[in-house]
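# Next one to model:
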Amino acid sequence: MSIITQTSPSAETRPKRVTLHYAFIQLLVEKCTDLSRRQTRSQAELAYRYKGYRTLARLLANRRTSSQLSERKRHFQAISRTHSLPIRAIAEPCLCSPVLPTELLDSIVHIAVTDALSSNIPDVFSPLKAIAMASWTLRELVFRHYLRTLHLTTDTQWASMYMLLLSLEARQDGSRGFTCVKNLSAPTKILTPKLTRLAMFTNLQDLTLNFSSEGLSTQHLCAKRIFQNLIDSSALKLTCLTLTALPRIDASLLRVISLSFPGIVNLYLSCTERLDFSHCWYCLEQSMDLAVHCPIPQRYLDAQDMATSFAEALRPIKNLANLHLGVYVSSDDLIYTHMAHAPQYQDDTQRASPPSPECDICTDMEKEVRHNELAASLIMAQKLKSLQTMGWSSFFSFGGREMDSKGEMIEGDQEEGTADETRGLDQDKMEEQCELRTKIWVLRVNGRVRVRRVPWTVAQRA
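Next up is the predicted model:
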């Protein structure tokens, strides 16, 4: 800004450390102004705050370095020695730098790190170097926000990040572990060789694991080994757990999760990502052998039996609010039936496609599938008292874009005629769930449990 460039000393007389400090001043005023715009409602208050930030910038820019003050003091001492009468040398007092509140610095650094992480540049840390080199306090704040979320993809990245966290942890007093890391996302194949490292993550709140490298015979052992290294450090603090590309979802896996992390609030499990609908029908059939995407009727008799088994395994989790189980509640015959007739009406007969409401034969099974999803969700809501939303993988998320209706099921309904189709579903809500999954909301009023495919209004909850 012009205020800083006019009052700041020249680049020749300014040390390198101070040059970095002035670079931070420039960013400081910009971020303070941005922070005020986000948090201030009144324009008068915004102007008042911005005036204070400009004053602060002047003070920081006019601050003299210690070398300049020492040179000034030596000059006065030299003059005093040339006079016959002793003249008391008066050194120019040092103007102390104003100290910013740590909360304000933390907010500024948070905005800077968020902007850097949201940018598309290859090196996202390059815009943060000036702030990190200004002082040790700012360096700690930058790394605390930058390392808050770790998204690991390779072994090299995992090793380098771990060494960086170790160097920062060594400077902390009285606290052991990587407390700054709250979100961790990684494939299991890069974590399993060095599982003991996970014990250092003592403040994890969100954990995402990709099981694409595991098989039906290794999934259970891999999950148990990873969870055992996190039980002592993050078992009580972890509130969100996401496991994707699982070979299967069964009661044994859910039981291990509920006993390891009883404080989970959001649980997302899915295995249907393994189905390959992007290539030919032969590739799809091969991918179906790698995951148990439809446990009915191979492992469970029907949707009610499956939901009962899953709910019993999740009972130890007392505060579970949002649950997604990525399996198809429909029978596995749906996909095989679709594979038999789909090439007859597709333009590209060799390219695989999922069942959809656009297919007349698949539409005949749609009502049964949607009924099973509601029935299973109702059982889960009855047994898990804190459950608010329930999700499943589904080929009929909203019954197709032409279907302007929502299904609803109330506790006490019979097996037939339970899906009460009512009109008035907002088209925008249908657009939100265009993926192959469905979400069902739970309502508990007057001792009864109700489930449906759109959120309940405030008036309905009252």
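
# in a helix, that's where Glu368 is, yeah?
Yes: under DSSP: H, G, I helix; E, B strand; the rest coil, Glu368 falls within a helix.

# What separation do you get for Val454 and Cys280?
37 Å (C-beta to C-beta, to the nearest Å). The way it works is simple: take the backbone N, C-alpha and C, and place the C-beta from them, glycine included.

# Between the two, which has more neighbouring residues?
Applying other C-beta atoms under 10 Å to Val454 and Cys280 shows that Val454 carries more neighbours, namely 19 against 14.

# the helices in the stretch 301-450 of the chain, which residues?
Along the stretch 301-450 of the chain, counting by DSSP state H, counting those that start in this stretch, helices occupy 303-313, 333-341, 360-363, 366-383, 427-432.

# again with the stretch 101-250 of the chain
Under DSSP H, counting those that start in this stretch, the stretch 101-250 of the chain gives helices at 102-118, 129-132, 136-146, 155-170, 188-191, 219-234.

# Just send the ones you listed back as TSV, with mean pLDDT too.
Output for the helices of the stretch 101-250 of the chain, formatted as TSV (pLDDT from 0 to 100):
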stretch	mean pLDDT
helix 102-118	81
helix 129-132	78
helix 136-146	85
helix 155-170	88
helix 188-191	94
helix 219-234	87
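
# among those, which is nearest Trp441?
Each of these has some distance to Trp441 by C-beta to C-beta; the shortest is helix 219-234, at 29.0 Å.

# Send me the closest one as PDB with only the CA atoms.
Only the C-alpha atoms of helix 219-234 are listed here, as PDB (Å, rounded to 0.1, in the frame of the first residue of the first chain):
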ATOM      1  CA  GLN A 219     -10.000 -56.100   4.700                       C
ATOM      2  CA  HIS A 220     -10.800 -57.200   8.300                       C
ATOM      3  CA  LEU A 221      -7.200 -57.600   9.400                       C
ATOM      4  CA  CYS A 222      -6.100 -54.300   7.800                       C
ATOM      5  CA  ALA A 223      -8.900 -52.400   9.600                       C
ATOM      6  CA  LYS A 224      -8.200 -53.900  13.000                       C
ATOM      7  CA  ARG A 225      -4.400 -53.100  12.700                       C
ATOM      8  CA  ILE A 226      -5.100 -49.500  11.800                       C
ATOM      9  CA  PHE A 227      -7.700 -49.000  14.400                       C
ATOM     10  CA  GLN A 228      -5.500 -50.500  17.200                       C
ATOM     11  CA  ASN A 229      -2.800 -47.900  16.500                       C
ATOM     12  CA  LEU A 230      -5.400 -45.100  16.800                       C
ATOM     13  CA  ILE A 231      -7.400 -46.400  19.900                       C
ATOM     14  CA  ASP A 232      -5.000 -45.000  22.500                       C
ATOM     15  CA  SER A 233      -4.500 -41.600  20.800                       C
ATOM     16  CA  SER A 234      -7.700 -40.600  18.900                       C
END
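
# who does that helix touch, helix- and strand-wise?
helix 188-191, strand 206-210, helix 251-260 (3 or more C-beta pairs under 8 Å, 6 or more residues apart in numbering; DSSP states H and E).

# Just want the angle from the longest one to helix 303-313.
Okay, so that is helix 251-260. On the basis of axes from the mean of the first three to the mean of the last three C-alpha atoms, to 10 degrees, helix 251-260 is oriented at 30 degrees to helix 303-313.

# which ones are touching Val445?
Contacts here follow C-beta atoms under 8 Å, 6 or more residues apart in numbering; on that basis Val445 touches 460-461.

# where's it relative to Lys383, distance?
For Val445, the distance to Lys383 - C-beta to C-beta - is 18 Å.

# can you check Ser394 too?
21 Å.

# Between these two, which is the more surrounded one?
Ser394 (27 against 15).

# pLDDT weak spots in the stretch 201-350 of the chain?
233-235 (pLDDT under 70).

# To what extent is the nearest residue to Gln382 once chain neighbours are set aside buried, counted in neighbours?
Leaving aside its chain neighbours, Gln382 sits nearest to Val449 (5.5 Å; criterion: C-beta to C-beta, 6 or more residues apart in numbering). Neighbourhood size, Val449 [other C-beta under 10 Å]: 20.

# Quick check: bridge partners of Val449?
Arg444 (DSSP bridges).

# Contact partners for Ser394?
Contacts of Ser394 by C-beta under 8 Å, 6+ apart are 328-330, 369, 373, 436-438.

# Which of the residues you listed fall in strands?
Cross-referencing those against strands under DSSP state E gives 328, 437-438.

# could you redo these as JSON lines and give each row neighbour count and distance to Pro297?
Listed next are these as JSON lines, based on neighbours: other C-beta atoms under 10 Å; distance: C-beta to C-beta, whole Å:
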{"residue": "Tyr328", "neighbour count": "25", "distance to Pro297": "12"}
{"residue": "Arg437", "neighbour count": "17", "distance to Pro297": "22"}
{"residue": "Thr438", "neighbour count": "25", "distance to Pro297": "21"}
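
# For the nearest residue to Ser330 once chain neighbours are set aside, report the pLDDT, please.
Nearest non-adjacent residue to Ser330, counting by C-beta to C-beta, 6+ apart: Val369, 4.3 Å away. With respect to pLDDT, Val369 has a value of 89.

# Tell me, how many residues neighbour Val369?
22.

# and it, what does it touch?
329-330, 334, 394-396.

# Narrow those to those that are buried.
In the contacts of Val369, burial by neighbour count holds for 329-330, 334, 394-396, counting by 16 or more other C-beta atoms under 10 Å.

# and which of these is nearest Glu312?
Val329 (17.4 Å).

# what about the closest residue to that closest one other than its chain neighbours, distance to Leu443?
Of all residues not flanking Val329 in the chain, Asn372 sits nearest, at 4.6 Å (C-beta to C-beta, 6+ apart). Look at Asn372 and Leu443: by C-beta to C-beta, they are 20 Å apart.

# Of the two, which one has the most company?
Taking neighbours as other C-beta under 10 Å, Asn372 and Leu443 compare with Asn372 leading, 23 against 18.

# Report the contact partners of the more buried one.
Here Asn372 is in contact with 302-303, 329-330 (criterion: C-beta under 8 Å, 6+ apart).

# In JSON lines, list those residues along with distance to Thr156.
Formatted as JSON lines, these follow (distance: C-beta to C-beta, whole Å):
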{"residue": "Asp302", "distance to Thr156": "48"}
{"residue": "Ala303", "distance to Thr156": "45"}
{"residue": "Val329", "distance to Thr156": "41"}
{"residue": "Ser330", "distance to Thr156": "42"}
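
# hmm, which two among the residues you listed are most spread apart?
Asp302 and Ser330 (11.0 Å).

# so what sits against both of the two?
296, 372.

# Can you report how many residues neighbour Thr286?
Just to correct that, residue 286 is Gln rather than Thr. So Gln286, with other C-beta under 10 Å, has 12 neighbours.

# Can you name every helix or strand that the strand or helix carrying it contacts?
Taking DSSP states H and E as the definition, Gln286 sits inside helix 281-288. Judged by 3+ C-beta pairs under 8 Å, 6+ apart, the packing partners of helix 281-288 are helix 333-341.
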